[in-house]
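**Student:** quick check, what structure comes out for this input:
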Amino acid sequence: MKVETIPPNLFDLIQLDPYLDPFKGEICRRYTVFQETLNKIEKCGGIDKFTSGYKEFGLHVQSDGSVTCMEWAPGADSIALVGDFNNWDQQANVYTKGEFGRFTLSIPPSEDGTCRIKHGSKLKTAVTKDGKTTLKLSPWATYVTRPTDSVVYHQEMYNPPTRVELTDNHPVRPKSLRIYEAHVGISSPEGKVNTYRAFADDVIPRIARQGYNCIQLMAVMEHVYYASFGYQVTSFFGASRKGLIISRCGTPDDLRYLVNKAHSLGLVILLDVVHSHASKNILDGLNEWDGTTDCYFHGSARGYHSQWDSRLFDYTKIEVLRFLLSNLRWWIDEYGFDGFRFDGVTSMIYHSHGLSDDFAGGYPMYFGLNADSDSIVYLTLANHFLHKKYPFVITIAEEVSGMPALCRPVEEGGQGFDYRLAMAIPDMWIKILKHEQDENWDLSKIVHTLEDRRYLESHVAYAESHDQALVGDKTLAFWMMDKEMYEFMSCLSPLTPIIERGLALHKEIRLLTMALGGEAWLNFIGNEFGHPEWLDFPREGNGESFHYARRQFNLADDQMLRYKFLNEWDRSMNLLEEKHGFLHKGNAYVSWKHQGDKVIVFERGPLIFIFNFHHEKSFADYKVGVNYANEFSIALCSDDEKYGGHSRVNATSKYHTFNSGYAERSHHVCVYIPSRTVLVLEPSSTHTSPL
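**Tutor:** The predicted structure follows:
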């Protein structure tokens with residue numbers, strides 16, 4: 001009988017959540033498979049060598065000018081390297097087939113000692129299976145581009161005489177993450193694909209000024225279809241060049257320049273990594289790389305994602321693990337990224353991919369037959385390696401089901417993520433805005449959704465997702481203000497009831513979500529100032545237009561437009577968090593939810609947050625419970641003129657505590673709280689909250 005390995009700190013996990021006790025056996029089984037996989041990796045030379053696959057596989061120019069090549073193509077009969085350098089002759093440079101499906105090739109230098117494959121040369125790998133030869137891209141290709149006469153990409157030799165060096169060390173890992181989610185291609189006000197260098201010079205300083213300390217960069221891994229938002233990856237080691245004829249993001253060195261700029265301003269930078277699936281493209285993707293339907297993927301129906309129309313990895317294959325783990329290491333070592341947001345984790349960890357699942361089955365659902373152990377073990381392995389190798393690394397899971405221990409240490413039997421996205425929150429806000437008037441909002445349900453997360457598993461809160469910005473849906477600002485944004489966002493135009501409501505609720509929704517919804521905060525590019533309209537990538541259906549594939553930062557900079565108010569509010573939110581660090585100071589304590597008054601009050605860190613969502617009622621001398629005696633000042637008020645408010649609250653007001661308790665707190669203060677306003681109080685004197 002097989003003996004399961006017990007995670008060394010499993011008892012800590014069970015103490016944290018006793019409901020996991022009946023599932024200790026499955027937790028131990030998963031941990032055992034994880035340990036067995038580690039042992040297999042050790043037999044392959046150890047995890048350091050194993051995760052350095054990019055140093056062996058693919059094409060490598062040596063110091064003497066020769067080129068060494070290695071590929072794993074177990075189903076292929078033969079492969080050859082073709083390109084400009086050999087006039088595309090499929091017989092000139094044929095690989096030697098070795099053991100375990102590996103093919104090797106060595107190309108000597110030219111007579112003058114230089115590399116025969118010049119910088120910028122176009123390359124393909126000719127893969128032959130059962131007499132049929134297909135020109136493919138190496139899975140390890142680090143630079144691919146689209147030619148002007150074809151939609152199929154080719155590999156390009158990237159070996160410039162000089163390289164941009166990574167100049168700055170990784171910044172200190174922030175205690176509180178304030179994340180700016182960005183897409184380089186859409187980051188220009190102009191109708192074009194923006195570049196890495198322009199983003200670095202123009203956008204990153206904006207992000208730093210706004211008070212964010214982290215950039216989460218989307219759509220960097222090379223993807224042929226621009227409108228896929230970067231989630232149909234074709235080349236896993238290639239930095240997206242957005243190979244459209246009109247413009248390009250830039251070279252690998254330009255991406256290094258971008259990371260250097262972020263680090264120089266103290267910002268950590270995360271990569272949106274897609275290891276949950278891959279594009280099914282054959283000619284310029286991983287699909288059928290060796291002439292078979294499996295290789296990197298499951299060859300059966302399990303290898304296809306019906307909704308995403310993509311291929312699914314077989315995480316039990318040792319070479320697939322080498323490829324994916326090396327890919328993670330590549331982005332850190334080669335480009336200096338500080339961590340990853342893992343896309344599609346829910347799809348990975350369930351055989352059903354979460355499709356049509358309501359995730360209401362309780363704990364048996366997480367540890368039953370629908371859970372995909374192979375994927376869970378891979379994610380555990382990835383986090384184990386990353387956190388051991390790189391103590392600064394940050395990992396975030398895009399996961400909606402609430403899988404227990406996903407964000408607990410591997411030593412406890414968890415999967416080792418630092419954060420998971422609080423995905424129910426943006427869904428809640430969009431549903432409310434679509435179907436309910438704000439006077440009918442159920443505050444108890446809103447607070448419950450914001451607080452409904454696993455204890456001591458950190459979550460990233462966000463009020464709206466990037467998907468909601470896409471054509472077919474709307475951002476929060478557009479849901480609330482819609483077409484009036486076209487005519488009444490000028491400070492010279494009348495402040496209509498719709499614009500007034502939209503500005504007020506936009507501020508309240510974002511701060512409530514930030515302060516109550518998690519242990520980190522995320523904003524998608526442009527939403528900080530209520531970017532109008534929608535996001536629509538160039539495609540056949542819109543005439544390949546870039547008009548909606550851009551971010552109009554000029555709107556926030558124009559002092560005659562009301563977007564400036566939302567932009568300034570966003571900055572003040574971040575600076576408040578930077579000053580007090582309330583995101584990492586434990587859970588909030590909600591002391592008051594009054595449905596009739598539409599008022600929510602809670603404490604987090606030393607701050608008192610008071611939200612009045614009532615559409616018309618303001619309250620004088622409103623009693624607010626606090627848990628310690630002090631004098632309080634206004635730290636933030638959404639009704640200030642600089643945020644587009646009516647200045648109904650005196651910014652210099654002081655609030656003294658009364659000794660009589662209220663709302664199950666030991667003391668109370670009385671405040672004036674106008675309608676559709678949030679007031680944040682901070683202690684005037686130094687005091688550490690008992691919370």
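**Student:** sec struct for residue 479, please.
**Tutor:** Put simply, residue 479 is helix when judged by DSSP: H, G, I helix; E, B strand; the rest coil.
**Student:** give the helix, strand or coil label for the nearest residue to it once chain neighbours are set aside.
**Tutor:** In space, and not counting its chain neighbours, residue 479 is closest to residue 433: 4.3 Å by C-beta to C-beta, 6 or more residues apart in numbering. Using the backbone N, CA and C atoms, a C-beta is placed for each residue, glycine as well. Under three-state DSSP, the three-state class of residue 433 is helix.
**Student:** residue 433 against residue 477, yeah?
**Tutor:** No: using C-beta atoms under 8 Å, residue 433 makes no contact with residue 477, being 10.3 Å away.
**Student:** ok, the two, which is more surrounded?
**Tutor:** Shown here are residue 433 and residue 477; by other C-beta atoms under 10 Å, residue 477 has more neighbours (24 against 19).
**Student:** give me the neighbour count for the spatially closest residue to residue 508 that is not a sequence neighbour.
**Tutor:** Once flanking residues are discounted, residue 508 sits nearest to residue 678: 5.1 Å by C-beta to C-beta, 6+ apart. Using other C-beta under 10 Å, residue 678 has 26 other residues around it.
**Student:** for residue 213, see how far away residue 678 is.
**Tutor:** Residue 678 sits 23 Å away from residue 213, taking C-beta to C-beta, to the nearest Å as the criterion.
**Student:** state the phi and psi torsions of the residue of the chain most remote from its centre.
**Tutor:** Most distant from the centre of the chain: residue 111, at 48.4 Å, with distances by C-alpha atoms, centre = their mean. Per-residue torsions, residue 111: phi -60, psi -30 (degrees, to the nearest 10).
**Student:** distance check, it against residue 162.
**Tutor:** 25 Å.
**Student:** point out where the stretch 1-150 of the chain drops to low pLDDT.
**Tutor:** For the stretch 1-150 of the chain, the stretches flagged by pLDDT under 70 are 1.
**Student:** how about the strands of the stretch 401-550 of the chain, start to end?
**Tutor:** Using DSSP state E, counting those that start in this stretch, the strands of the stretch 401-550 of the chain run over residues 419-421, 459-461, 520-524.
**Student:** reformat those strands as a markdown table; add mean neighbour count, distance to residue 451 and mean pLDDT.
**Tutor:** Listed next are the strands of the stretch 401-550 of the chain as a markdown table, based on neighbours: other C-beta atoms under 10 Å; distance: least, C-beta to C-beta, whole Å; pLDDT from 0 to 100:
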| stretch | mean neighbour count | distance to residue 451 | mean pLDDT |
| --- | --- | --- | --- |
| strand 419-421 | 25 | 15 | 98 |
| strand 459-461 | 23 | 10 | 98 |
| strand 520-524 | 26 | 15 | 97 |
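**Student:** including distance to residue 266, could those go into CSV?
**Tutor:** What follows is the strands of the stretch 401-550 of the chain, written out as CSV (distance: least, C-beta to C-beta, whole Å):
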stretch, distance to residue 266
strand 419-421, 20
strand 459-461, 20
strand 520-524, 17
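**Student:** does the residue nearest the centre of the chain lie in a helix or a strand, and which?
**Tutor:** Among the residues of the chain, the one closest to the centroid is residue 341, at 4.1 Å (C-alpha atoms, centre = their mean). Using DSSP states H and E, residue 341 sits in strand 339-342.
**Student:** what pairs with that strand, parallel or antiparallel?
**Tutor:** Take DSSP bridges as the rule and strand 339-342 pairs in its sheet with strand 268-273 (parallel), strand 394-397 (parallel).
**Student:** touching, the residue nearest to residue 508 and residue 607? I think so.
**Tutor:** No: Residue 678 lies out of contact with residue 607 (C-beta under 8 Å); the separation is 11.4 Å.
**Student:** who's in contact with residue 69?
**Tutor:** Neighbouring residues of residue 69 by C-beta atoms under 8 Å, 6 or more residues apart in numbering: 58-60, 81, 95, 104-107.
**Student:** before we move on, what about residue 59?
**Tutor:** Counted by C-beta under 8 Å, 6+ apart, residue 59 has contacts 67-69, 81, 117, 123, 138, 140, 157.
**Student:** what's the ChimeraX syntax to select whichever of the residues you listed are buried?
**Tutor:** Paste this into ChimeraX to select the buried members of those, with burial taken from 16 or more other C-beta atoms under 10 Å:
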select :67,69,81,117,123,138,140,157
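**Student:** what's the closest of the contacts of residue 69 to residue 384?
**Tutor:** residue 58 (25.3 Å; C-beta to C-beta).
**Student:** correct me, but that closest one touches residue 143?
**Tutor:** No: judged on C-beta under 8 Å, residue 58 makes no contact with residue 143 at a distance of 10.6 Å.
**Student:** any shared contact partners between these two?
**Tutor:** Contact criterion C-beta under 8 Å, 6+ apart; residues shared by residue 58 and residue 143: none found.
**Student:** where are the low-confidence patches of the stretch 151-300 of the chain?
**Tutor:** The model of the stretch 151-300 of the chain has pLDDT under 70 over residues 240-248.
**Student:** could you pull out the helices in it for me?
**Tutor:** Counting by DSSP state H, counting those that start in this stretch, one finds helices in the stretch 151-300 of the chain at the ranges 196-198, 204-209, 252-264.
**Student:** what packs against the shortest one?
**Tutor:** Same thing as helix 196-198. Packing partners of helix 196-198 (3 or more C-beta pairs under 8 Å, 6 or more residues apart in numbering; DSSP states H and E): helix 252-264.
**Student:** can you tell me what sits against the helix it packs on?
**Tutor:** 142-143, 158, 160, 163-171, 184, 195-197, 199-201, 204, 215, 220, 239, 249, 268-269, 334-337.
**Student:** separate out the buried members of those.
**Tutor:** Neighbour-count burial (16+ other C-beta under 10 Å) is assigned, among the contacts of helix 252-264, to 142-143, 158, 164, 166, 170-171, 184, 195-197, 199-200, 204, 215, 220, 239, 249, 268-269, 334-337.
**Student:** rewinding a little: most tightly surrounded among the strands paired with strand 339-342?
**Tutor:** Using mean count of other C-beta atoms under 10 Å, the stretch among those with the largest mean neighbour count is strand 394-397, at a mean of 26.
**Student:** in the stretch 1-150 of the chain, which spans are strands?
**Tutor:** Ranges of strands in the stretch 1-150 of the chain, per DSSP E, counting those that start in this stretch, are 58-61, 67-72, 78-83, 96-97, 102-107, 122-129, 132-136, 144-145.
**Student:** which stretch among those comes nearest residue 290?
**Tutor:** Nearest of these (C-beta to C-beta): strand 122-129, 6.4 Å.
**Student:** can you name every helix or strand that the closest one contacts?
**Tutor:** strand 78-83, strand 132-136, strand 154-156.
**Student:** show residues contacting that strand.
**Tutor:** By C-beta under 8 Å, 6+ apart, the residues outside strand 122-129 that reach it are 59, 71, 73, 75-85, 88, 90, 117, 133-138, 147, 154-157, 289-292.
**Student:** same check, this time on stretch 84-98
**Tutor:** 69, 71, 78-82, 103-105, 107, 116-118, 121-124, 126, 133.
**Student:** return the set of buried residues in stretch 22-36.
**Tutor:** For stretch 22-36, burial by neighbour count (16+ other C-beta under 10 Å) applies to 23-24, 26-34.
**Student:** for stretch 377-393, that is, sorry about that
**Tutor:** Judged by neighbour count using 16+ other C-beta under 10 Å, the buried positions of stretch 377-393 are 377-387, 390, 393.
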